[in-house]
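In: sequence first, predicted coordinates after that:
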Number of protein chains: 2
Amino acid sequence: MIRISKKVEYALMALKFISNSDHKLVTAREISDNNNIPYDLLSKILQKLKSENILESNQGANGGYFMKKRPEDIPLYNLMSAIDGEIAIAECLNENAEKDCTMLDTCVIKSPMLKLQKEVEELFKRKTISDFV
Amino acid sequence: MIRISKKVEYALMALKFISNSDHKLVTAREISDNNNIPYDLLSKILQKLKSENILESNQGANGGYFMKKRPEDIPLYNLMSAIDGEIAIAECLNENAEKDCTMLDTCVIKSPMLKLQKEVEELFKRKTISDFV
DNA sequence: TCAAATAGGACTATATTAGTCTACATTTAA
DNA sequence: TTAAATGTAGACTAATATAGTCCTATTTGA
């Protein structure tokens, strides 16, 4: 199975909500209530989006989030890797597979897998948040 | 994260091994030993490949498996869905999401997600086992 | 100084994936 | 005709990844 995690779905919904809002600042609570997303989980996601410079926030009362980049400038790929970490299409393509994989030398499918990985990456880099907003 | 399951990796390795073998029949044990794949797990996988008409088998002593289709006629997509079931890029695109998804009516990202799903499918349908063999 | 907000770590629960165990059925060769 | 080699199949357990919760700061405006 191959999938977009629920967290990324939530992120997309949040970004859509923020983009379409006419407020300057949108709170996590608003997003959570309007989209039926667990508040605590959403908070974590928004924080990650902030640390990726996708969102900016004001803390404190009357605080909230706002877009730091335009949707068309945010590849879906970046969103995914920000939230779920590096995207490896197969276990053996992880950074630390070199120490984990028991069959490094004998592996017969690594190089075509790598090629496929590149193609999937391309696809997710071509897509931007504006495709969802 | 987005990935090819280990079972599919094993299937690819098995198909490669069978394709490159000069025996008429290859046993699960041979494949398991040569590729470091847990025997029981591999057996299950081979059985699924059989039920998908990718492999054929002879039972009994001197039995084993052999290719029923040519690698270039087996899309990676089919292998994946044979082994791991239908490929839905997001939870909401599953067959039974209609009853499960709490936000059917309000969902704001379903249609672009569906488009993305099609594109990923295309990619995996274009790839065939011959790319790995 | 209080209430409303973001920030962030630790924890628990759930679902998915990987792997194991046991029993049985089929075929061949001795 | 029987033993060994093989595929078939279901139930179970273990490991891992994902989703979700809880609790406690910290910041800031009224």
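Out: Okay, I see it. Numbering: from 1, shown residues only, chains lettered A, B, ... in the order given.

In: going by C-alpha atoms from here, please, whenever you check contacts or count neighbours.
Out: Will do.

In: residues near the residue of chain A found nearest DNA strand D, how many?
Out: Closest to DNA strand D within chain A is A:Gly60: 2.9 Å, counting by Cα to the nearest atom of the strand. Other residues near A:Gly60 come to 7 when the count uses other Cα atoms under 10 Å in any protein chain shown.

In: and it, which of the three is it?
Out: Under DSSP: H, G, I helix; E, B strand; the rest coil, the three-state class of A:Gly60 is coil.

In: ramachandran coordinates for it?
Out: A:Gly60 has phi and psi values of phi 80, psi 180 when expressed as degrees, to the nearest 10.

In: quick check: it vs A:Ser81, distance?
Out: 28 Å (Cα to Cα, to the nearest Å).

In: now swap in A:Lys44 and tell me
Out: 14 Å.

In: what of A:Asn36?
Out: Distance of A:Asn36 to A:Ser81, computed by Cα to Cα: 23 Å.

In: and if you look at A:Pro75?
Out: For A:Pro75, the distance to A:Ser81 - Cα to Cα - is 10 Å.

In: of the two, which one has the most company?
Out: Neighbours per residue, other Cα under 10 Å: of A:Pro75 and A:Ser81, the larger number sits with A:Pro75, 18 against 15.

In: for burial, what's the neighbour tally of the closest residue to A:Lys69 other than its chain neighbours?
Out: Closest residue to A:Lys69 apart from its sequence neighbours, by Cα to Cα, 6 or more residues apart in numbering or on different chains: A:Ile54 at 5.6 Å. Look at A:Ile54: counted by other Cα under 10 Å, it has 22 neighbours.

In: and A:Ile54, what is it in contact with?
Out: Contacts for A:Ile54 (Cα atoms under 8 Å, 6 or more residues apart in numbering or on different chains) come out as A:67-69, A:74.

In: nearest to A:Leu116 among these?
Out: Here the nearest of these to A:Leu116, counting by Cα to Cα, is A:Ile74; it sits at 22.6 Å.

In: does that closest one really touch A:Arg126, like I thought?
Out: No. With contact defined as Cα atoms under 8 Å, A:Ile74 does not reach A:Arg126; the gap is 9.7 Å.

In: out of the two, which sits in the more crowded spot?
Out: A:Ile74 (18 against 11).

In: which bits of chain A sit near chain B?
Out: Within reach of chain B by Cα under 8 Å from any Cα of the partner chain, chain A has these residues: A:1-6, A:9, A:12-13, A:35-36, A:80-81, A:84-91, A:103, A:106, A:108-109, A:112-113, A:120, A:123, A:131-133.

In: go with 6 Å
Out: A:1-4, A:84, A:87, A:89-90, A:109, A:112, A:132 (Cα under 6 Å from any Cα of the partner chain).

In: of the residues you listed, which belong to helices?
Out: Residues of the residues of chain A next to chain B located in helices (DSSP state H): A:84, A:112.

In: pull the residues that contact the host helix or strand of A:Leu116.
Out: Element membership for A:Leu116 (DSSP states H and E) is helix A:110-126. Contact with helix A:110-126 is made by A:75-77, A:89, B:132, as judged by Cα atoms under 6 Å, 6 or more residues apart in numbering or on different chains.

In: give the buried residues for it.
Out: Residues of helix A:110-126 classed as buried: A:110, A:113-114, A:116-117, A:120-121, A:123-124 (neighbour count, 16 or more other Cα atoms under 10 Å in any protein chain shown).
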